[in-house]
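1. Below are the sequence and a predicted model for it; my questions follow.
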Amino acid sequence: MTIEPKTILEAVATREATIVKTLADLVSFPSIVMSDPRQSGPGERECQLYLKDRLERLGFITDLWEPDGPALLAKYAGRAGAHPGRTFEGRPNLGGVLKGSGGGRSLMLTGHIDVVPPGATEHWTTDPFVPTLEAGMLRGRGTVDMKGGVACMLMAIETLRELGMKLKGDVVFTTVVDEEIGGMGSLAMVDRGYRADAGIMTEPTANRVAPLCRGILWGRIIIDGIGGHAELAVKSWDQGGPVDAIWLCRQILDGIDILNRRWATDPRKNHPLMGLSNQVLVTQIKAGEHPSSMAGRAEIIVDVQYLPSEHDEHNLGGHVKREVEAHLARLCAADPYLAAHPARIEWILDADCAEVPSDHPLVTTMQSAASSAGLSPVLTGFGAHSDIGLPTTLGGTPTINFGPGDPSQAHQPNERVAVADLVACTQALALTIADWCR
């Protein structure tokens, strides 16, 4: 059964209130990812159960399961998404399949339901888990990252079902946990066998088609000084005196700035679809033990970006790790104390990335759908990390990013998405499903 694009666009537009209500329902579940990955967030299971019920009402065959973290680690050690210390009790993944009549291409719609903690409540004008609609914007934790996209996925399918459209290809729907701390939920999803001819991950791209994302490395740079009294004249370190780790920390930070300036003009660190070059981002600093003592130790947490073209043999950032390590060694060699007591880096996480060719049929189909929904068809890159690498490189499902919301709103207090963006995203997704799976 063929339905005209105009009919689909109008049908989605008339469901604006239901789209908003669906997202508000999702936001009301405080599905916070915990810093200890052995603990479940207070609303992760409940959020997935809500989606499971909605999918079953649409005719999906559903699958709610708690992944086996240790077994996944043993199977995929050294690969993307395989992280130690993960357990999934109380934090299930959800998968579903809506079977087509046969002979059509399958499409996977995927996203995550875990959200970062809201932070200080005084930074919010309203309760972050009480969704608030104001001036055409829905505010609440996860409205952008990325329950807005999940709501659009669900409503696109629901609209087509209500229109009576019969699809030849299967529609696969997956929502995972653990994305905000490394992506083992997506690894479990791919390991479970969820795949399709192509996929869309609805991370926030401001409704732009983004066929690639960056990989990220998290690292802890450890700088050992020698503690001592901060207020007294002291001997030099080679005569038994102290060394201020904060002073050493400044040198390392300056050296990171130098590396970033070099990367800004390095072709390997730039991509035509990315607005910025790769960077080494300093996100945390910890130093000092007492107000009147020189710091005996400092730690710098860094977030290092890399492109799919920089993959090592495991589709990870091994080459970039070695590049950063070599730069750190050169910085240390230039200082007498650090030459004898070099800083070291411990790698915490390596989250992979992927790129789907710009002429891939899903990319062009999605561009056409975006245009029909009044959106820009111009391709962009997703500047942060997303989980598209795992379904693309491990699962064989070429997956792109496309979702509602300004990505700069992600993780912010008073996170909010425009209702108009939700409607336009749902329209573009519905048109893509109807075209791809016909």
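-> Perfect, I can see it now. Residues are numbered from 1 along each chain as shown.

2. What about Gly240, how many residues nearby?
-> 10 (other Cβ atoms under 10 Å). C-betas here are computed from N, CA, C, even on glycine.

3. What does it show for phi and psi?
-> Reported as degrees, to the nearest 10, the phi and psi values for Gly240 are phi 100, psi 10.

4. so what pLDDT did it get?
-> Per-residue confidence (pLDDT) for Gly240: 72.

5. Just the residues contacting stretch 325-341, thanks.
-> Stretch 325-341 is contacted by residues 221, 223-224, 237-238, 243, 248, 251-252, 255, 259, 342-345 when judged by Cβ atoms under 8 Å, 6 or more residues apart in numbering.

6. if we go to 7 Å?
-> Residues outside stretch 325-341 that contact it (Cβ atoms under 7 Å, 6 or more residues apart in numbering) are 221, 224, 237, 243, 248, 251-252, 255, 259, 342-343, 345.

7. nearest residue to Ala80 other than its sequence neighbours?
-> Spatially, and ignoring its direct neighbours in sequence, Ala80 is nearest to Asp352 (3.7 Å; Cβ to Cβ, 6 or more residues apart in numbering).

8. try Glu46
-> In space, Glu46 is closest to Phe29, 5.1 Å off (Cβ to Cβ, 6+ apart).

9. now do Ile388
-> Spatial nearest neighbour of Ile388, chain neighbours left out: Thr399 (4.3 Å); criterion: Cβ to Cβ, 6+ apart.

10. surely that neighbour meets Leu390?
-> No - Thr399 is beyond contact range of Leu390, at 8.6 Å (criterion: Cβ atoms under 7 Å).

11. sorry, back to before: now render the contacts of stretch 325-341 as JSON lines, adding secondary structure, neighbour count and distance to Thr175.
-> Shown next, in JSON lines, are the contacts of stretch 325-341 (DSSP: H, G, I helix; E, B strand; the rest coil; neighbours: other Cβ atoms under 10 Å; distance: Cβ to Cβ, whole Å):
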{"residue": "Ile221", "secondary structure": "strand", "neighbour count": "21", "distance to Thr175": "35"}
{"residue": "Asp224", "secondary structure": "strand", "neighbour count": "16", "distance to Thr175": "44"}
{"residue": "Trp237", "secondary structure": "helix", "neighbour count": "17", "distance to Thr175": "54"}
{"residue": "Val243", "secondary structure": "strand", "neighbour count": "22", "distance to Thr175": "50"}
{"residue": "Leu248", "secondary structure": "helix", "neighbour count": "24", "distance to Thr175": "45"}
{"residue": "Gln251", "secondary structure": "helix", "neighbour count": "17", "distance to Thr175": "45"}
{"residue": "Ile252", "secondary structure": "helix", "neighbour count": "20", "distance to Thr175": "40"}
{"residue": "Gly255", "secondary structure": "helix", "neighbour count": "19", "distance to Thr175": "41"}
{"residue": "Leu259", "secondary structure": "helix", "neighbour count": "20", "distance to Thr175": "37"}
{"residue": "Pro342", "secondary structure": "coil", "neighbour count": "16", "distance to Thr175": "44"}
{"residue": "Ala343", "secondary structure": "coil", "neighbour count": "23", "distance to Thr175": "40"}
{"residue": "Ile345", "secondary structure": "strand", "neighbour count": "18", "distance to Thr175": "34"}
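
12. Determine which two of those residues are furthest apart.
-> Trp237 and Leu259 (26.0 Å; Cβ to Cβ).

13. contacts for stretch 366-381?
-> With contacts defined as Cβ under 7 Å, 6+ apart, stretch 366-381 is touched by 5, 9, 205, 207-212, 271, 273-274, 358, 400, 402, 424, 427-428, 431-432, 435.

14. Would you mind checking the average pLDDT for stretch 65-73?
-> If you average the pLDDT over stretch 65-73, you get 97.

15. do the same with stretch 212-226
-> Here the average pLDDT along stretch 212-226 is 96.

16. circling back to that earlier point, neighbours of the residue nearest to Ile388, how many?
-> Thr399 has 28 neighbours, counted by other Cβ under 10 Å.

17. Repeat that for Glu56.
-> Neighbours around Glu56, by other Cβ under 10 Å: 12.

18. from what I can see it touches Asp63, true?
-> No - using Cβ under 7 Å as the test, Glu56 is too far from Asp63 to be in contact (11.0 Å).

19. what sits up against whichever strand or helix holds Ala188?
-> Here Ala188, judged by DSSP states H and E, is contained in helix 184-191. Surrounding helix 184-191, the residues in contact under the criterion Cβ under 7 Å, 6+ apart are 67, 69, 72, 76, 81-83, 86, 93, 95, 112, 174, 176-179, 387, 390-391, 394-395.

20. Report pLDDT for the residue nearest to Ala80.
-> 91.

21. Done for today, thanks.
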